[in-house]
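Visitor: structure, please.
(4 chains)
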There are 4 protein chains.
Amino acid sequence: MTVRVGVIGTGIMGADHVNTLHRQVTGATVTMVADLDLDRALEVATGLPGARATDDGVALIGDPAVDAVVVASPDASHADLAVAAIKAGKPVMCEKPLAPTLAECVRVVRAEQEAVGAGGPGLVSVGFMRRFDPGYVELKAALEAGVCGTPLLVHCVSRGVSSGPGATSESSVTGSAIHELDVVPWLLGARVVEVGWHAPRSTGAVPGMQDPQLILLRTADGAMTTVEVFLNARYGYDIRCEVVGDRGTVALTNPARVVSDAAGRRASGYPADWRPRFADAYRLQLQAWVDAVAAGRPAPLASARDGLTASAVAGAVIASMRDGGRTVAVRPHP
Amino acid sequence: MTVRVGVIGTGIMGADHVNTLHRQVTGATVTMVADLDLDRALEVATGLPGARATDDGVALIGDPAVDAVVVASPDASHADLAVAAIKAGKPVMCEKPLAPTLAECVRVVRAEQEAVGAGGPGLVSVGFMRRFDPGYVELKAALEAGVCGTPLLVHCVSRGVSSGPGATSESSVTGSAIHELDVVPWLLGARVVEVGWHAPRSTGAVPGMQDPQLILLRTADGAMTTVEVFLNARYGYDIRCEVVGDRGTVALTNPARVVSDAAGRRASGYPADWRPRFADAYRLQLQAWVDAVAAGRPAPLASARDGLTASAVAGAVIASMRDGGRTVAVRPHP
Amino acid sequence: MTVRVGVIGTGIMGADHVNTLHRQVTGATVTMVADLDLDRALEVATGLPGARATDDGVALIGDPAVDAVVVASPDASHADLAVAAIKAGKPVMCEKPLAPTLAECVRVVRAEQEAVGAGGPGLVSVGFMRRFDPGYVELKAALEAGVCGTPLLVHCVSRGVSSGPGATSESSVTGSAIHELDVVPWLLGARVVEVGWHAPRSTGAVPGMQDPQLILLRTADGAMTTVEVFLNARYGYDIRCEVVGDRGTVALTNPARVVSDAAGRRASGYPADWRPRFADAYRLQLQAWVDAVAAGRPAPLASARDGLTASAVAGAVIASMRDGGRTVAVRPHP
Amino acid sequence: MTVRVGVIGTGIMGADHVNTLHRQVTGATVTMVADLDLDRALEVATGLPGARATDDGVALIGDPAVDAVVVASPDASHADLAVAAIKAGKPVMCEKPLAPTLAECVRVVRAEQEAVGAGGPGLVSVGFMRRFDPGYVELKAALEAGVCGTPLLVHCVSRGVSSGPGATSESSVTGSAIHELDVVPWLLGARVVEVGWHAPRSTGAVPGMQDPQLILLRTADGAMTTVEVFLNARYGYDIRCEVVGDRGTVALTNPARVVSDAAGRRASGYPADWRPRFADAYRLQLQAWVDAVAAGRPAPLASARDGLTASAVAGAVIASMRDGGRTVAVRPHP
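Guide: Numbering: from 1, shown residues only, chains lettered A, B, ... in the order given. I've put the predicted structure just below:
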């Protein structure tokens, strides 16, 4: 059975998802795309045999030609669209964050619980694609194989070339660090219980924006995590993660594929942004989602509750930011 | 348009291709599989909705439900099946080697020339998948960007854990080193004009088999290449390639994704064989082939002539092996 | 002129210094060794032509055959011996820490100021040997060359195989992390103004000891530093340092000299403790000290004030440790 | 006992040795320097308390203030000076090559045999300093510990930024590759029995000079070695060595001490020439030589016979060069 997917939002991320589904994922066909900018939607649809375009995301969700929905529209629309998909009984893969406010995340989780029952398999997945990155997957497997013993500390680094337009100290957390806020608990199998935010000397790249930031997490297992998030690091897009246990460590390697010697130096390159770095992760995540939808199985992606949890942790980090770096507890949501 | 693919041969390689086509390549559907061992073919077909099995490869080629053919049957059958596909006017992707003897390779190239004309786009592709490995692709791009200047020397290493059953000194060349015999000229844009074969001290792993072997190549641009092929290196599957130019070098990196510290050592792992190492290459090669077939474009894979050329070079290497390491010239085929 | 050196303390560190001075440092001769354990002193002296042994460190300082003194006796004796050397007008190189308490460090600094005047060249050097490690020296040179722009963040890791007998949470700071407390301000050219101490999940290796510890530093330039100190990391002795600036980063590499492929892995080794890792640093530090003494120049080592400063920072870290991780300010001493 | 050393030749290499002996080697004092350019000798002597200068190397050898001699004068003078030292009964450390012609090397070996008896400890050492490089020493230790099993293949790379004035195809062998011709047999414990020389496409950097060169060696254990010597590689001074055995490999790492991220790249630097790369090796070699001289023990450096042997292998390589790459046997000297 081919899964007929509708994609809402045809900006950079949405267009990438359309392209990945069309070119690299088996068992799926993109039958509909939606964007408030109808021209953009039409342009994207042009490359997809048989696909239609609309400026109405809710209409897309309800369309009988759509079996499952990808939401890559602006963050503010995520909750409404996810709830609409839940009500339509259709699986939905929502780009992170699940929603910009905690209240909206809760609304989505509750809507899903009402629809499928508290313990039932959910309809909502959240696009924390690092869970499908082959490096993180190997790292998790090594942890589970006991390579480093009991995890005690995690060191994460998340650097980019430059923050996009409109970046703020807060959006560093909700838009970038949120990946670490999801992936670290996933690696450790332990939720974040406490956070602290710290402001090193800041680059002057974006006036008014604190960059880099240093975030400390404590997970329920007692382990601590340092997260450096630095969006204007200039030199390249660079994601690092090392888990330190009581017998050793496991860490991601630098993923460069070639190295060159020239002009006095041995050098390898960095990608300019996250897309080359996580191209495999996006592909494998969508494939896993499509496979699960096709089989009627629960999707192995981050769930709505995972999305809520990451947003709750992000909220705690921002609370710490606004309160001089005070340690802030993160309570689980009911 | 979905390309309906028939796969001949359902051994390790053939089953892998079926799986890759079915699970990871878009725009294709495996409609038929063939194997002399019909039970094995049936078993493979079971996992493919709507696919049929046969023990007759030629029947598969002629079947109206098959648009294009993958040949992964024993080497001795390659030429006949490739010619049959040519005669049926169907694109065929043949696993390397194109054929075990030069005469048979020539027969395929001639059959193709007769079918499509000397300058026409060919029907036959050969599975030299390294041309699609992201590392080799980046390496070639770096060469073309002039990162290391004019290539003067290439150093290749091809090591495996253990040679399979029936391995011989000759099969090291025709089955393993042949990848380097194809990929080095592809990287340099220059054909091999001269070879020499050398026998270092041999591991005793396989009685009667010279392993490792050291092969020297000279390409038409004057550059020389050293190829170490060592199938019983025991420690892991390890492919290396460094191009040395007059301004610098470019080389593949070690592709390990995680590194661990434990028990006094910093270590990363090697794969046990070529499949994890070149999984992306196989996927991307088949996708490129399917896309070309669907579009009626010439496939960007190694051609029948490339397959003939690599086999001719392999033949020269074996001639050198049998003649005490004498330098042997490789003449282009008409 | 050959500098006649007396070494007080012939434990592991003192015996190493004697050996380094005797075997690897030019322009110096060890003329006297002292240890409360006279037999041990005698044994060490046996290997040194013309050297005498004593159980009285103060007598050694006063001996006319001693031009300059190395203090490697138990920490509690450092201040008295340093002051005695100052009063004798002899240069003294004291192992870190300068003294176990801040009051004693202050006493040494004041004694030196009285002896040489406030702005005069000091007699006391402190053995923060990392300032002479070729890696740290290159790192500092790269910072000064602007390779990474303005430093914003530093990440330090200090791991060992196992803490020695009597190790405590406090001694992790005063005995191990103190190297980072000295070397980071030296790298950045900015003193530590604020510290915070954090307790990740602890290995159970030493009951009652918090290990690893996570220390945050803020320097006067606004930069922040994370220091992981983990003495029972088991896998090896491993020192890391990365400086992150507004244009890039600079970091120490792993100093392994050989790498091997075996048994499925690519691996390099770690030293078992600090001595092989910093053998060059110890040698170069003593050579620089001897050269300065011979020339009557101020020694380019850490000064008494540097020793006091590092101890003051260590004291602040311990204050934070005892106060639940509260941020503690570090005030400069008059 | 302090060894009083006379150094003949105060060019780059000789001045380096003087400086190393004076500043970094214990138990030695440079009492005399000789150079045909007396002004240069005087200038070097100025920095050495109590040292004298002469333009007569033979007079230096005979001087009663000289216990042992370092020869770093032009190659053509090596044999005469070594023989003079032998006749004076003084230990001599001669820079490589022992002599530019095989006949002269033989003359030195015979002179030594006559002086000390065939089996006696020699007076002559040859400056193949790589035997003291900590990386090569660890590599040899790993081989002896069986890390890679029985050696089958060795891959060596010797690259420099640019060949000096007067460089020729022959001097690449006698001046540069000769280090590999000595160190490989030392590593394997097996002499070179056969060589072959090959000419890849050449850089045009030095008209008339073949560069790079590819040399194949076979040692008496049957192992083969590839040596790439490339003096105008431009990008940096880069020495590599990997030994491939029947259970794994051991190789030198890149010795860079820091790595930086900047401008889209992760990079480490190369030295501009051999001196920083082998500074430790030169120091440790001279220290080992001085220690042996002081103790009246045989020096653990390469012997006159080792120097003869390396020159004999170099001669065979040049014979192959002149004879179209023919395989040339290397016979042991009586």
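Visitor: so what's the closest residue to chain D within chain A up against?
Guide: Per CB to the nearest CB, A:A267 is where chain A lies closest to chain D, at 3.9 Å. Quick note: C-beta positions are derived from backbone N, CA and C, even for glycine. A:A267 sits next to A:V259, A:S260, A:D261, D:R265, D:R266, D:A267, D:S268 when contact means CB atoms under 8 Å, 6 or more residues apart in numbering or on different chains.
Visitor: ok, now how distant is the second one from A:W186?
Guide: Yep, that's A:S260 we're talking about. 35 Å (CB to CB, to the nearest Å).
Visitor: partner residues bridging the closest residue to A:A177 other than its chain neighbours?
Guide: Leaving aside its sequence neighbours, A:A177 sits nearest to A:V229 (CB to CB, 6 or more residues apart in numbering or on different chains; 4.3 Å). Beta-bridge partners recorded for A:V229 (DSSP bridges): A:S158, A:Q213.
Visitor: so what's A:V229 scoring on pLDDT?
Guide: For A:V229, the model assigns a pLDDT of 98.
Visitor: verify the stated contact: it with A:S158.
Guide: Yes: contact criterion CB atoms under 8 Å: A:V229 and A:S158 qualify, at 4.7 Å.
Visitor: anything in contact with each of the two?
Guide: By CB under 8 Å, 6+ apart, the residues touching both A:V229 and A:S158 are A:S176, A:A177, A:E180.
Visitor: in a markdown table, list these along with pLDDT, secondary structure and neighbour count.
Guide: Below are the shared contacts of A:V229 and A:S158 laid out as a markdown table (pLDDT from 0 to 100; DSSP: H, G, I helix; E, B strand; the rest coil; neighbours: other CB atoms under 10 Å in any protein chain shown):
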| residue | pLDDT | secondary structure | neighbour count |
| --- | --- | --- | --- |
| A:S176 | 96 | helix | 21 |
| A:A177 | 97 | helix | 25 |
| A:E180 | 98 | helix | 28 |
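Visitor: buried among the contacts of A:A267? Need that as a selection in PyMOL.
Guide: Remark: buried members of the contacts of A:A267, expressed as a PyMOL selection using 16 or more other CB atoms under 10 Å in any protein chain shown:
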select buried, (chain A and resi 259+260+261) or (chain D and resi 265+266+267+268)
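Visitor: show me what A:H198 is bridged to.
Guide: A:L214.
Visitor: number of residues surrounding it?
Guide: 23 (other CB atoms under 10 Å in any protein chain shown).
Visitor: now the one 4 residues further on
Guide: Close neighbours of A:S202, defined as other CB under 10 Å, add up to 20.
Visitor: that one looks like it's in a helix, true?
Guide: No: the assignment for A:S202 (DSSP: H, G, I helix; E, B strand; the rest coil) gives coil, which keeps it out of a helix.
Visitor: all helices of the stretch 201-334 of chain A, in order?
Guide: A:274-277, A:279-295, A:304-322 (DSSP state H, counting those that start in this stretch).
Visitor: as a markdown table, those helices with mean pLDDT, distance to D:V206 and mean neighbour count would be great.
Guide: A markdown table is the format used below for these (pLDDT from 0 to 100; distance: least, CB to CB, whole Å; neighbours: other CB atoms under 10 Å in any protein chain shown):
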| stretch | mean pLDDT | distance to D:V206 | mean neighbour count |
| --- | --- | --- | --- |
| helix A:274-277 | 95 | 41 | 16 |
| helix A:279-295 | 97 | 45 | 20 |
| helix A:304-322 | 97 | 61 | 23 |
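Visitor: so which of the ones you listed comes closest to chain B?
Guide: helix A:279-295 (7.7 Å).
Visitor: other residues contacting that closest one?
Guide: Outside helix A:279-295, the residues touching it (CB under 8 Å, 6+ apart) are A:1-3, A:5, A:16-17, A:20-21, A:24-28, A:67-68, A:70, A:91, A:93, A:125, A:127, A:129-134, A:136, A:275, A:297-301, B:23-24.
Visitor: where's the most centrally placed residue in chain A relative to chain C, distance?
Guide: Central residue of chain A (CA atoms, centre = their mean): A:F128, 2.9 Å from the mean position. A:F128 sits 24 Å away from chain C, going by CB to the nearest CB, to the nearest Å.
Visitor: and that residue, what pLDDT?
Guide: 98.
Visitor: the helix or strand A:V30 falls within and chain B in contact?
Guide: Taking DSSP states H and E as the criterion, the element that holds A:V30 is strand A:28-34. No: contact of strand A:28-34 with chain B (CB under 8 Å from any CB of the partner chain) is absent, the minimum separation being 8.5 Å.
Visitor: how about residues contacting whatever helix or strand comes next after that strand?
Guide: Downstream of strand A:28-34, the first helix or strand assigned by DSSP H and E is helix A:38-46. For helix A:38-46, contacts defined as CB under 8 Å, 6+ apart pick out A:10-11, A:14-15, A:18, A:32-35, A:51-55.
Visitor: near chain B, which residues of chain A?
Guide: A:22-26, A:134-135, A:138-139, A:142, A:147-148, A:247-253, A:255-263, A:268, A:287.
Visitor: of those residues, which belong to strands?
Guide: A:G248, A:T249, A:V250, A:A251, A:L252, A:V258, A:V259, A:S260, A:D261, A:A262, A:S268 (DSSP state E).
Visitor: any idea how far A:V250 is from the last one?
Guide: Just to be clear, that refers to A:S268. With CB to CB as the criterion, A:S268 and A:V250 are 21 Å apart.
Visitor: OK, contacts around A:S176?
Guide: A:S176 neighbours (CB under 8 Å, 6+ apart): A:S158, A:G160, A:V229, A:L231.
Visitor: out of these, who's nearest C:C105?
Guide: C:C105 lies nearest to A:V229 out of the contacts of A:S176, by CB to CB, at 37.9 Å.
Visitor: who in chain A is up against chain C?
Guide: Residues of chain A lying near chain C (CB under 8 Å from any CB): A:150-153, A:155, A:198-205, A:212, A:214, A:216, A:218, A:221-224, A:226, A:228, A:230, A:232-235, A:244, A:246-249, A:325, A:327.
Visitor: just the buried ones among those, please.
Guide: The buried subset of those - by 16+ other CB under 10 Å - is A:151-153, A:155, A:198-203, A:212, A:214, A:216, A:218, A:223-224, A:226, A:228, A:230, A:232-235, A:244, A:246-249, A:325, A:327.
Visitor: hmm, back to that, burial check on the residue nearest to A:A177, number of neighbours?
Guide: Count around A:V229 with other CB under 10 Å applied: 25.
Visitor: from what I see, A:G196 and A:M224 are in contact.
Guide: No: counting by CB under 8 Å, A:M224 is not a contact partner of A:G196; they are 9.7 Å apart.
Visitor: tell me, what's touching these two both at once?
Guide: Listed contacts common to A:G196 and A:M224 are A:L216; contacts here mean CB under 8 Å, 6+ apart.
Visitor: need the helices of the stretch 201-334 of chain A in TSV with distance to A:E112, can you?
Guide: Shown next, in TSV, are those (distance: least, CB to CB, whole Å):
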stretch	distance to A:E112
helix A:274-277	28
helix A:279-295	15
helix A:304-322	5
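Visitor: how close does A:A223 get to C:Q210?
Guide: According to CB to CB, A:A223 and C:Q210 sit 14 Å apart.
Visitor: how about the residues of the stretch 101-250 of chain A that lie near chain D?
Guide: Contacts of the stretch 101-250 of chain A with chain D, taken as CB under 8 Å from any CB, map to A:Y235, A:G236, A:D238.
Visitor: try 10 Å this time
Guide: A:R159, A:V161, A:A233, A:R234, A:Y235, A:G236, A:Y237, A:D238 (CB under 10 Å from any CB of the partner chain).
Visitor: out of everything not next to it in sequence, what's closest to the third one?
Guide: Think A:A233. A:R159 (3.8 Å).
Visitor: one more: the last one?
Guide: Once flanking residues are discounted, A:D238 sits nearest to A:R159: 4.4 Å by CB to CB, 6+ apart.
Visitor: ok, now which ones touch the one you found?
Guide: Residues in contact with A:R159 (CB atoms under 10 Å, 6 or more residues apart in numbering or on different chains) are A:176, A:212, A:228-240, A:270, C:244, C:249, D:261.
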